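Asks: give me coordinates for this.
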Amino acid sequence: MAFVLDLIDYPSLFQLLKQRLPDNRSSILDRLCQEKIVVRKAPNLFDITNLGAVLFAKSLREFDRLGRKALRMISYNGTNRTETLREQAADNGYAAGFETAMRYINDQLPQNEQIGQALRREVRMYPEIAVRELVANALIHQDLSETGTGPMVEIFSDRIEITNPGTPLIDPLRFMDEPPQSRNEHIAGFMRRMNICEERGSGVDKVVLNIELFQLPAPRFTVTPHHTRVVLFAYKTWAEMDQDDRVRACYQHACLCFVSNERMTNSSIRKRFSMKDENYSMASRIISETVEAKLIKPFDPNNLSRKHAKYVPFWA
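Replies: Numbers count the residues shown, from 1 in each chain. Below you'll find the predicted structure:
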């Protein structure tokens, strides 16, 4: 009995669920059994479930198959991996250690100085809520059957890369509108109950919205044979963005408008890129390039007025 409680960070469970910690071991174990963190094998014999270990282990290394699943956080000097500045692994369970991991990640992120009327203050280059949602998604949606690899956050001078083992169950182009699907429904359900990740699959919508508010390049979602990666980019000027950056932003903006029951227009694209009204033709060119890429389409094909045209994602 004592051995089980030695391996599980059970106070975090009660704290995250906003429940009072029972004052005796028997009541604690009863509650852990109810939450399927442990299972009772005999009156005084308990096993820790995979769910319990993944979420609340004091050390994932104590569990053979989970040792490589700790979240790795690496920051580099510059834009490549040749010089590592810091590396740390969040060795405890995902739920128990999430806030500590997020504080560590945020402390490594670059900041910009914002000058107000009377004060100077440091503002993080990336929206914290976007980083939080993407890290939580990487933990929840990873393929735990992939061996020898785990979730990872890499911080470069010009971007953040968040990688998890396994390919997504949803086409990355549909992350914003498809209902959420996860290989790890019990983990996802628990993380939602504890307000660590979004309910109803609105996490990616929130990421894109906040990236737009920060006037950053659109996130890039890529899939390899064994991994899913999301890249958040630091601020780029219009001249520094290439065609892929602009088309990706236009498509994601059209998706965000659509799921908000709105339609993308030339005006909304100018706002997305912080363009002046006289740059109407530049916005039109971005829209045309995204149409040519077959990522968006006219909302009303019979409307011949480009000035008042509205656009929707290709799947709408």
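Asks: now the residue nearest in space to the middle of the chain: how far from residue 177?
Replies: Among the residues of the chain, the one closest to the centroid is residue 134, at 0.7 Å (CA atoms, centre = their mean). Per CB to CB, to the nearest Å, residue 134 is found 18 Å from residue 177. C-beta here means a position set from N, CA and C on the backbone, and glycine is covered the same way.
Asks: mind listing what's buried along the helix or strand hosting residue 134?
Replies: For residue 134, the host element (DSSP states H and E) is helix 128-141. Buried residues in helix 128-141, counted by 16 or more other CB atoms under 10 Å: 130-141.
Asks: same check, this time on stretch 179-188
Replies: Going by 16+ other CB under 10 Å, stretch 179-188 has these buried residues: 180, 182, 184, 187-188.
Asks: next: stretch 196-212.
Replies: So stretch 196-212, judged by 16+ other CB under 10 Å, has buried residues 196-198, 201, 203-212.
Asks: got the CA positions of that stretch in CSV?
Replies: The C-alpha coordinates for stretch 196-212 follow below in CSV (Å, rounded to 0.1, in the frame of the first residue of the first chain):
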residue,chain,number,x,y,z
ILE,A,196,-5.3,21.4,-18.7
CYS,A,197,-6.6,21.2,-22.3
GLU,A,198,-9.6,22.4,-24.2
GLU,A,199,-13.0,20.7,-24.3
ARG,A,200,-14.9,20.4,-27.5
GLY,A,201,-11.8,20.4,-29.8
SER,A,202,-11.5,24.2,-29.9
GLY,A,203,-7.8,24.2,-28.9
VAL,A,204,-6.4,24.7,-32.4
ASP,A,205,-9.0,27.4,-33.1
LYS,A,206,-7.7,29.2,-30.0
VAL,A,207,-4.1,28.8,-31.2
VAL,A,208,-4.7,30.3,-34.6
LEU,A,209,-6.8,33.1,-33.1
ASN,A,210,-4.1,34.1,-30.7
ILE,A,211,-1.3,33.8,-33.3
GLU,A,212,-3.3,36.2,-35.5
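Asks: and the contacts of it?
Replies: Contact with stretch 196-212 is made by 16, 95, 98, 127, 129-130, 133-134, 136-137, 140, 175-176, 178-180, 188, 191-192, 217-219, 232, 252-253, 255-256, 259, 272, as judged by CB atoms under 8 Å, 6 or more residues apart in numbering.
Asks: at 6 Å instead, please
Replies: Stretch 196-212 is contacted from outside by 98, 127, 129-130, 133, 136-137, 175-176, 179-180, 191-192, 252, 256, 259, 272, using CB atoms under 6 Å, 6 or more residues apart in numbering.
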